[in-house]
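*Asks:* I'll drop the sequence and a predicted model, then ask my questions.
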Amino acid sequence: MPHRPGGPTVAPRKTAEVIGAGLAGLTAATALAQRGWSVRLHERDSEIRAIGAGIYVWGNGLATLEALGLYEEAAFNAHVGPVLETRDHRGRVVEEVPINGPGQARVLTIMRDRLIGTLIGGAEKAGVEIRTGSEVLEAGPDGRVVTRSGETARADVVLAADGVNSRIRGQYDIVAHRAPARQGATRLTVPRAPGFVPEGDEGKYIEYFSGRRRVLYTPSSESSLYVALVADERDRPASRIPVDTMAWIRSFPHLEALLSACAGVPGRWDTFQFLTLTRWSMGRLAFLGDAAHAQPPYLGQGGGCAMMSALGLADALSGSDAPVDQALRDWEYAERPTVEHTQRWSHRLGRLNYVPDAARASLLKASGHLPRLGASRLRAALTVPTGAGRFAGN
Ligand SMILES: Cc1cc2nc3c(=O)[nH]c(=O)nc-3n(C[C@H](O)[C@H](O)[C@H](O)COP(=O)(O)OP(=O)(O)OC[C@H]3O[C@@H](n4cnc5c(N)ncnc54)[C@H](O)[C@@H]3O)c2cc1C
């Protein structure tokens, strides 16, 4: 421990190298810096980009933002819907989940660039050293990282938050299960306009089914509408970019105005992934976010789980005197059950695409009457993350 002559003994700051500036990496870096750590965040790309259009942020993600002191900024101009509706191939409501009322799950929809921009601002304010254009090639359980520029650093902890195709994870034999991608979505943003959905429904979140295709209607700010077009990966007309609007209108004639507005709009197709690891950490190296627990987006929880678990990680590393490897195991023990429960549910909900229209409508109507099933499905959304409430306002 350093000691300045005549001055008090100063404990050296603990150090973290964080790999990847997505929702997981930015949250972990900021939470650690707010707890006194010296943090360096490496992002491979030359700038930090928000990928996708809008995003659902449920209670667990919102509580994480509150704990980081970033809620107000992230939620500015966000949309607060009153209900999540599922509609069948004829546009009839088959399931309703009321939200944002007393005793109900909380959820906001935010434009992704606003959320990522807010997290970058929070990281900078907390003193995180952000290095863009810095690709990490290797990271080890001994706390070592090697970048493409040839630099080697050693830290008390290394966090690999480098996404679903994690290069760092690829260096270790720790994938327990990786389901082949069969479905995906095109995400795009269109200006909100009257006539896309019946009058009075404009503020709702609505998921429409037809055969193996889904359309997700999501107001995400006062002026922006996030649209996701979900289909089988092998459904070529449905996964085409730019959007083949006629192919989609054939499945959803009642959404012609909305789908026509997608014509020529830049969009992005991503296939969904499901991934579990044998363990989330080894020595001083931990995996988080999609690198550790990717899930299809049917619950809108991949990012929420990433943020919740990143906050829990910072808390586990700072909240006790346990050695780093033990703190990481404690963190996994605390977070993993909720995350994997949520992964299983989102995977299950993906199977609905393969149920015939009429049977699916009956199934959803019946499940809507089972409150325990609903609560189980929303478990992560209703979870208060470890560390929430502490450090707010930093
Ligand atoms: C269609 C779709 C809709 C979704 N909707 C929602 C939703 O509504 N709500 C929700 O909560 N979640 C949603 N998700 C999931 C959510 O987007 C992800 O779970 C979340 O973005 C994962 O964040 P991450 O930080 O783990 O990974 P990423 O966002 O992938 O970030 C990884 C970062 O690491 C960088 N990187 C990679 N390799 C390296 C390296 N070697 N060195 C340095 N940097 C590196 C990358 O450039 C990237 O910036 C959705 C996903 C999809 C596909």
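*Replies:* Alright, I've got the coordinates.

*Asks:* Tell me where the model's unsure across this structure.
*Replies:* Scanning the chain for pLDDT under 70 picks out 1-9, 389-394.

*Asks:* let's see 50
*Replies:* Residue ranges of the chain with pLDDT under 50: 1-3, 392-394.

*Asks:* how about the residues of it near the ligand?
*Replies:* Residues of the chain lying close to the ligand by Cβ under 6 Å from any ligand atom are 19-25, 42-45, 52, 55-56, 135-136, 161-163, 167, 185, 187, 228, 270, 289-291, 297, 300-304, 306. (Each C-beta comes from the backbone N, C-alpha and C, glycine too.)

*Asks:* Just the residues you listed: which are in helices?
*Replies:* Members of the residues of the chain next to the ligand lying in helices (criterion: DSSP state H): Leu23, Ala24, Gly25, Asp290, Ala291, Gly302, Gly303, Gly304, Ala306.

*Asks:* could you dump the residues you listed to a markdown table with distance to Ala179 and neighbour count?
*Replies:* Shown next, in a markdown table, are those (distance: Cβ to Cβ, whole Å; neighbours: other Cβ atoms under 10 Å):
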| residue | distance to Ala179 | neighbour count |
| --- | --- | --- |
| Leu23 | 22 | 28 |
| Ala24 | 20 | 31 |
| Gly25 | 24 | 30 |
| Asp290 | 14 | 24 |
| Ala291 | 16 | 29 |
| Gly302 | 14 | 27 |
| Gly303 | 19 | 25 |
| Gly304 | 20 | 28 |
| Ala306 | 18 | 30 |
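
*Asks:* now these in a markdown table, with distance to Gly350?
*Replies:* Below are those laid out as a markdown table (distance: Cβ to Cβ, whole Å):
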| residue | distance to Gly350 |
| --- | --- |
| Leu23 | 21 |
| Ala24 | 22 |
| Gly25 | 26 |
| Asp290 | 16 |
| Ala291 | 21 |
| Gly302 | 13 |
| Gly303 | 17 |
| Gly304 | 17 |
| Ala306 | 19 |
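
*Asks:* what's near enough to touch the spatially most central residue of the chain?
*Replies:* Residue closest to the mean C-alpha point of the chain, counted by Cα atoms, centre = their mean, is Gly303 at 1.1 Å. Gly303 sits next to Leu23, Ile55, Val57, Gly61 when contact means Cβ atoms under 8 Å, 6 or more residues apart in numbering.

*Asks:* ok, now Gly350?
*Replies:* By Cβ under 8 Å, 6+ apart, the contact list for Gly350 reads Arg182, Gln183, Phe272, Pro296, Tyr298.

*Asks:* Same question for Ser281.
*Replies:* Contacts of Ser281 (Cβ under 8 Å, 6+ apart): Phe287, Asp325, Leu328, Arg329, Trp331, Glu332.

*Asks:* any idea what sits nearest the fourth one, other than its immediate chain neighbours?
*Replies:* In this case it means Arg329. Leaving aside its sequence neighbours, Arg329 sits nearest to Ser281 (Cβ to Cβ, 6 or more residues apart in numbering; 6.7 Å).

*Asks:* Okay, and the beta partners of that neighbour?
*Replies:* Ala286 (DSSP bridges).

*Asks:* repeat for Val146
*Replies:* With DSSP bridges as the criterion, Val146 is bridged to Glu138, Thr152.

*Asks:* wait, isn't it in contact with Glu135?
*Replies:* No: contact status for Val146 versus Glu135: not in contact, 10.1 Å apart, counting by Cβ atoms under 8 Å.

*Asks:* coming back round to it: for ChimeraX, what selects the buried ones among the residues of the chain next to the ligand?
*Replies:* With 16 or more other Cβ atoms under 10 Å as the burial test, the buried ones among those are selected in ChimeraX as follows:
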select :19,20,21,22,23,24,25,42,43,44,52,55,56,136,161,162,163,167,185,187,228,270,289,290,291,297,300,301,302,303,304,306
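
*Asks:* Longest helix in this protein, please.
*Replies:* Per DSSP H, the chain has its longest helix at helix 324-350.

*Asks:* Buried residues in that one, which are they?
*Replies:* 324-325, 327-332, 334-336, 338-339, 342-343, 345-347, 350.

*Asks:* can you check stretch 162-175 too?
*Replies:* Applying 16+ other Cβ under 10 Å to stretch 162-175 flags Asp162, Gly163, Val164, Ser166, Arg167, Ile168, Arg169, Tyr172, Ile174 as buried.

*Asks:* What of stretch 107-127?
*Replies:* Quick answer for stretch 107-127 (16+ other Cβ under 10 Å): 107-112, 114-116, 118-120, 122-123, 126.

*Asks:* starting at the chain centroid, how far to that stretch?
*Replies:* 13 Å (Cα atoms, centre = their mean, to the nearest Å).

*Asks:* circling back: for the contacts of Ser281, work out which two are farthest apart.
*Replies:* Distance extremes for the contacts of Ser281: the farthest pair is Phe287 and Asp325 at 13.9 Å, using Cβ to Cβ.

*Asks:* Among the buried residues of stretch 107-127, name the ones in helices.
*Replies:* Arg112, Arg114, Leu115, Ile116, Thr118, Leu119, Ile120, Gly122, Ala123, Ala126.

*Asks:* doesn't Ala50 make contact with the fourth one?
*Replies:* Yes: using Cβ under 8 Å as the test, Ile116 is close enough to Ala50 to be in contact (4.1 Å).

*Asks:* hmm, back to that, so what touches the next helix or strand after the longest helix of the chain?
*Replies:* Of the helices and strands lying after helix 324-350 in sequence (DSSP states H and E), the nearest is helix 357-367. Helix 357-367 is touched from outside by 86, 88-89, 92, 94-95, 209-211, 352, 355, 373-374, with contacts defined as Cβ under 8 Å, 6+ apart.
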